[in-house]
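**Student:** using only what follows, build the 3D model:
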Amino acid sequence: MSNFATKIFKYRSYTPLPFLLLMLIFQEATPASLIVGFIIVLVGEFFRLWGVSYAGSETRTTGGVGGTYLVVSGAFAHVRNPLYFGNLLIYTGIGVMSMALYPFLLVAALAFFIWQYRVIIKEEENYLRKKFGQSYEDYCNEVPRWIPTFSKYKNPGLPQPEFNLKAGLKSERRTLQAISVTVLLLIILYLVTN
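**Tutor:** Numbering: from 1, shown residues only. As a prediction, the model looks like this:
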């Protein structure tokens, strides 16, 4: 992993903070934006939770790219990067909720995160190609990188971790806390300013 990609991977949990701060400072929420945005956030968190309930705490590593399994079950059977897809929906939902400098701040945030995830995904894909070889290539040929498909990847017999919602919720604790605090602050700011 390149030094640049390592730093991006290590600090990926903190890069949303400047955008979230700007969305809170410049919020111009409406009842409709709060509702529509929150629904988008919920769909994003659904994909994240579905993904981590299979992949487990390995998704929380900051030391470097790695993985025990080539996970092709659950959300991973529909999109190769369900956590990043979920994150993009969560950022979009928060942007819609806040209506801060809309749509310019949201577009800038999404452009940054897509760039960031492209750097990280390149490293992750290199690792997975080296570790899982043709099995990973076959998976890539069937499952899109970014946008989920309704068709489900048929596992050719790869060992898979069990679905574990309890472990998924434990792994998502920080994300759920951050979403809850952000949503609550947006609602409070809306109530105070209207």
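**Student:** list the buried residues of stretch 101-109.
**Tutor:** 101-102, 105-106, 109 (16 or more other CB atoms under 10 Å). For glycine as for every other residue, the C-beta is placed from the backbone atoms N, C-alpha and C.
**Student:** what mean pLDDT does stretch 129-136 get?
**Tutor:** Mean pLDDT, stretch 129-136: 95.
**Student:** my bad, should have said stretch 42-59
**Tutor:** For stretch 42-59, the mean confidence score works out to 90.
**Student:** CA atoms only for that stretch - export them in PDB, please.
**Tutor:** Presented in PDB, the C-alpha positions along stretch 42-59 are these (Å, rounded to 0.1, in the frame of the first residue of the first chain):
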ATOM      1  CA  LEU A  42     -31.600   5.200   6.800                       C
ATOM      2  CA  VAL A  43     -31.100   3.500   3.400                       C
ATOM      3  CA  GLY A  44     -27.400   4.200   3.600                       C
ATOM      4  CA  GLU A  45     -27.200   2.800   7.200                       C
ATOM      5  CA  PHE A  46     -29.200  -0.300   6.100                       C
ATOM      6  CA  PHE A  47     -26.500  -1.100   3.500                       C
ATOM      7  CA  ARG A  48     -23.700  -0.500   6.100                       C
ATOM      8  CA  LEU A  49     -25.300  -2.600   8.700                       C
ATOM      9  CA  TRP A  50     -26.100  -5.400   6.300                       C
ATOM     10  CA  GLY A  51     -22.500  -5.400   5.100                       C
ATOM     11  CA  VAL A  52     -20.800  -5.300   8.600                       C
ATOM     12  CA  SER A  53     -23.200  -8.000   9.800                       C
ATOM     13  CA  TYR A  54     -21.300 -10.300   7.400                       C
ATOM     14  CA  ALA A  55     -17.900  -8.700   7.200                       C
ATOM     15  CA  GLY A  56     -17.600  -8.000  10.900                       C
ATOM     16  CA  SER A  57     -15.100  -5.800  12.700                       C
ATOM     17  CA  GLU A  58     -12.500  -6.200  10.000                       C
ATOM     18  CA  THR A  59     -14.200  -3.300   8.300                       C
END
